[in-house]
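J.: Prediction below, plus the sequence it came from.
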Amino acid sequence: MTKSKDARVTIGLTCTICTRKDAGDKSTGISRYTTRKSRRNTPIRLELKKFRAYCHKHTYHKELRK
């Protein structure tokens, strides 16, 4: 079993553009990725540029809150 205070944790990343919903816009779905990060080396939230298949371009993905 793993300890609850491990240095590396699995996090979820969600697209910042898709989470912004304007009134009247059709929903395009939510793009999510999973990755692992070190709690000691990266205590702040991650923001990575990942590929969004629906839009066919790279967008910023932020770490989800727990």
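T.: Structure's in. What do you need?
J.: Can you tell me the centre-most residue of the chain?
T.: Geometric centre of the chain, nearest residue: L13, 1.1 Å, by C-alpha atoms, centre = their mean.
J.: I'd say that residue and F51 touch.
T.: No: under the criterion of C-beta atoms under 8 Å, L13 makes no contact with F51, lying 11.9 Å away. For every residue, glycine as well, the C-beta is placed using N, CA and C.
J.: Helices of this protein, residue ranges please.
T.: Listed in chain order, the helices of the chain (DSSP state H) span 16-19.
J.: quick one: low-confidence parts of it?
T.: 1-4, 19-29, 66 (pLDDT under 70).
J.: This protein: strands as residue ranges?
T.: 8-15, 32-38, 47-52, 57-63 (DSSP state E).
J.: and K62, what are its bridge partners?
T.: When assigned by DSSP bridges, K62 has beta-bridge partners T14, E47.
J.: quick one, what contacts L13?
T.: L13 is in contact with R32, Y33, T34, T35, L46, L48, K50, H61, K62, E63, L64, counting by C-beta atoms under 8 Å, 6 or more residues apart in numbering.
J.: And the spatially closest residue to C18 that is not a sequence neighbour, how far from T42?
T.: Excluding the flanking residues, the one nearest C18 by C-beta to C-beta, 6 or more residues apart in numbering is I30, at 5.2 Å. Going from I30 to T42 by C-beta to C-beta, to the nearest Å gives 23 Å.
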